[in-house]
Each structure stands twice: as C-alpha cells, then as structure tokens.
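Visitor: okay, sequence plus prediction incoming.
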2 protein chains.
Amino acid sequence: MAKPRRVGAEQSETRTTLLDVTERLMVEKGHAAVSSRQVAKAAGVTPALVHYYFSTLDDLFLAILHRRSKSLLEHLQRLVEQCDRPMRATWNALRDPRNTGLLLEFVSAANHRKAIQHQLAETAQRIRSTQVELLGPRIEAAGLGDAFTPAATITLMNAVAYEMVLERSIGMVYGHDEGAALIEILIDRIDKA
Amino acid sequence: MAKPRRVGAEQSETRTTLLDVTERLMVEKGHAAVSSRQVAKAAGVTPALVHYYFSTLDDLFLAILHRRSKSLLEHLQRLVEQCDRPMRATWNALRDPRNTGLLLEFVSAANHRKAIQHQLAETAQRIRSTQVELLGPRIEAAGLGDAFTPAATITLMNAVAYEMVLERSIGMVYGHDEGAALIEILIDRIDKA
DNA sequence: GTCTATAGTTCGATAGAC
DNA sequence: GTCTATCGAACTATAGAC
C-alpha cells in the first residue's frame, strides 16, 4: 500500500512554478542544491507545499525529466522540419547548458537516486535515437566515410557538447575551440549536402 | 588567522587508507556519498579521525585530486615512452571509470565546493595539455587532415570517453559501439603512422 | 593517534489547522 | 491550496579525554 496522500493537480500554476524554479536551480547550482526548503524559498512558498505537489523529491525530479524531455523532443522535430541547417541547429542546442547541463545534472543525481536512473536512461536513449532518426538521412547523404554512420556521428557531436558544457562549468576550456572547429566542419558538410 | 589545529602527518598509513577509501567511494557511489561518517565507517575508524587528518572535507577532496593527478601524469608519461601504441593505451585509460569517472565526480563536486573548482580546472588543463604534448607529434605525423590538430584530436578522444563513462553509469549505451569504432579508426591510424 | 561526546545545522516528510 | 509545527535522521566540525 503506497501513500494515499493528497497531491496537487497537474494543471496547477503553483506546480508549474515549482518545476520552473527547480529546473533553474539544477542548471545554476546543481541537483544537490535542490531540497524542499531551497525550492520553496526560491518559489516563495513553504516546504510543506512542495511536498503537497510532489510527495517525494524523486517525484519532483521525475516530473521535470518528463516535462523537459517532451519539450526537447518537440524542439528537435521543429529544428529538422523548419531549419535549413538542422545539424548546426542541433549542435547549438546541445551546447546550451539549459539542455545538456540539465541532462548532466540528472546523470549525476541518478547516482544516489536510483528511482530516476531507469527513467533517465530511457529518456536519454529516446532523445538520442530521435536525433539519429531525424538527422540520419542527411548524414548518410553527405557520405563522410564508412565509419561516419548516423549513430556514430550523432554520438560524436553529443560527446563534444557534453565535454564543453562540463568543462566550461569549472572554467576549463583548453582545446574547446579546436574541438568545436572539427565538429563544425562535419556539421557544415552535412548541412550543405 | 586560519586554524592552528592538529593535523596528521602526510606519511601516515591511516591517512593513505582514508584517501583510498574516499576515492573508491567517489567512483562507486559518487562524491555525494563522501561524508566524514561514511568515510570513517568504510575505513573502520571514527568520524573525528577523518577530521584529524583533513580539517574539512574540501581538504580531503583536494588531497585526492593532488595524489591522483600526480600518478595519472606519471602513468601517461610511461604509456607514451614504453608502449608501441600510445594512442590506444591512452584511450583505454580514458575509458576506465577509475580515471575518467573520478574526474567527472570532481567536476560535479565542484558545483557546490567552490574551494576545489580552481584547483580542478588547473589539474584538468595540465592533464589535457600533457596529453597533447606527449601525443601531438604522432598525431601530426599521421596527417589526418588540417582540422585534426593535436588539441582537436585529443579533445575529441576525451569527449567520447567522457560520454561513454557518464552514460554507461546510468545504463545508457546507445551509439557507443559505433562512436568508439570511429575513434578507434583515428587512433589506429595515428599509432601506425 | 584515536576515541567519546556534543553543539549546531540542514534535511525529508508528515500531521493537522485554516 | 497553503500554512505552522514538528519528528527523526544525517551531516560538519570541535573540544577534550585517553
């Protein structure tokens, strides 16, 4: 028997505010800065109200993961459909700490929050495979070489974005410019194919 | 005007044990699992003794960073001097969570421990630039193309290693094989040049 | 060098009033 | 829907005995 406790509605404005505030806290101060007290303070409410909407902190994290992955997948779709340089647009999105930094905080949080680990792996895989499906045809059309399969190329682009967001967060940027230049040559060759 | 408190000697066997235990905790359970209590329990001593050797937890983290970076730099040097496939050897070292996983935990820890941020950036940069200095000549000799400068190539290799260690920690491996294959083609071309 | 004991803090989560 | 009040737990760090 779980917890038959009261839980706030999904449409609540307060609930949305709590999600916004928590997401910002995660990106700016790391997942460890997320506590019911810190979230409450930043949102201008009491800690108890946080627990009213999200019984446990895991629930809060999972709600953010769900909301963010949904909007990110939609964003990816739009990029590819409406943009004439979809690889470049995706690359720019990946370099944004609002996206990749948040994802990396989730990976880090999953270390001690086993409840989100499985959900996170599934989400990360869905995002990655969506990238491959949407951009794969263009990558293949560019004919960069046998090893540059869609999955390999997308993996490479994500890896460099990870590295840059991570290292930049501590103020280490050695090699970033040259690494980015290398990736951008690939990207431009694909976008222009 | 700091703290004129007693501090254990650097040569102490207990001190070394505490460093070993903490390092293992960081790799296996994440930096958040490191508390004076958890370290003490894993080492079979009392929390107060941890503070005897390391006044603050920041001191403990910094001591590990210092010890580990020293041994890692020596290891890199040996790889290049004694191994006939230094790029492959470095790649294998980077894929080991004992190395890259620990570094990533430090990056994550630096989020809330500003005291280690600067030291970490300096250490990461020294490791990276050492890789470039030691392996750069071989990379240039391989003539992979203008964009494949030593710094760009090393950055790429590190990025993919980061990604694999990170994602593997949550059980996400999509694209890893193909991404690794791509890197290994580069590596082998460099090692055989 | 190692311990016991403890002060002071922050946290997750709940009960129950309004 | 939001609050006050609170329990119990884990944490950092210190003082001081042995």
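Guide: Received it, and whenever you're ready, just let me know what you need. Residues are numbered from 1 along each chain as shown, chains lettered A, B, ... in the order given.
Visitor: mind giving me the domain split of chain A?
Guide: A:1-55, A:68-191 (automatic domain parsing).
Visitor: wait, does stretch A:21-32 contact DNA strand D?
Guide: No: using Cβ under 7 Å from any atom of the strand, we find that stretch A:21-32 stays clear of DNA strand D, coming within 11.8 Å at best. Any C-beta I mention is one placed from the backbone N, CA and C, and that applies to glycine too.
Visitor: returning to what we had before: export the domains of chain A to CSV and tack on mean neighbour count and mean pLDDT?
Guide: Below are the domains of chain A laid out as CSV (neighbours: other Cβ atoms under 10 Å in any protein chain shown; pLDDT from 0 to 100):
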stretch, mean neighbour count, mean pLDDT
domain A:1-55, 15, 93
domain A:68-191, 19, 97
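Visitor: what would these look like in JSON lines with distance to residue A:62?
Guide: Converted to JSON lines, these look like this (distance: least, Cβ to Cβ, whole Å):
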{"stretch": "domain A:1-55", "distance to residue A:62": "9"}
{"stretch": "domain A:68-191", "distance to residue A:62": "6"}
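Visitor: got a markdown table for the ones you listed, with distance to chain B too?
Guide: Supplementary listing: the domains of chain A in a markdown table, determined by distance: least, Cβ to the nearest Cβ, whole Å:
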| stretch | distance to chain B |
| --- | --- |
| domain A:1-55 | 4 |
| domain A:68-191 | 3 |
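Visitor: biggest helix in chain A by residues?
Guide: Scanning chain A for the longest helix, with DSSP state H as the assignment, gives helix A:114-142.
Visitor: following it, which helix or strand comes up?
Guide: Tracing the chain past helix A:114-142, the next element assigned as helix or strand by DSSP states H and E is helix A:150-168.
Visitor: quick one: name the residues of chain A near DNA strand C.
Guide: Selection of chain A residues close to DNA strand C by Cβ under 7 Å from any atom of the strand yields A:3, A:5, A:34-38, A:47-48, A:51, A:55-58.
Visitor: near DNA strand D, which residues of chain A?
Guide: A:6, A:8, A:9, A:12, A:14, A:45, A:46, A:47, A:48, A:49, A:52.
Visitor: do that again at 10 Å, thanks
Guide: Those residues of chain A that sit near DNA strand D, judged by Cβ under 10 Å from any atom of the strand, are A:6-15, A:17-18, A:36-37, A:40, A:43-53.
Visitor: of those residues, which belong to helices?
Guide: Using DSSP H, the members of the residues of chain A next to DNA strand D that fall in helices are A:13-15, A:17-18, A:36-37, A:40, A:43, A:47-53.
Visitor: what is the nearest of the residues you listed to residue B:172?
Guide: The shortest separation between residue B:172 and any of these is 27.3 Å, and it belongs to residue A:18 (by Cβ to Cβ).
Visitor: picking up where we left off before, report the two of the residues of chain A next to DNA strand C separated the most.
Guide: A:3 and A:38 (23.0 Å).
Visitor: for residue B:147, find the nearest of the domains of chain A.
Guide: Closest among the domains of chain A, once you apply Cβ to Cβ, is domain A:68-191, at 4.7 Å.
Visitor: distance between the ends of the closest one?
Guide: Domain A:68-191 stretches 27 Å from its first residue to its last (Cα to Cα, to the nearest Å).
Visitor: pick the one among the ones in helices among the residues of chain A next to DNA strand D closest to residue B:68.
Guide: Using Cβ to Cβ, the shortest approach to residue B:68 within these belongs to residue A:37, at 34.2 Å.
Visitor: wait, what's in contact with the closest one?
Guide: For residue A:37, the residues meeting the contact criterion (Cβ atoms under 8 Å, 6 or more residues apart in numbering or on different chains) are residue A:47.
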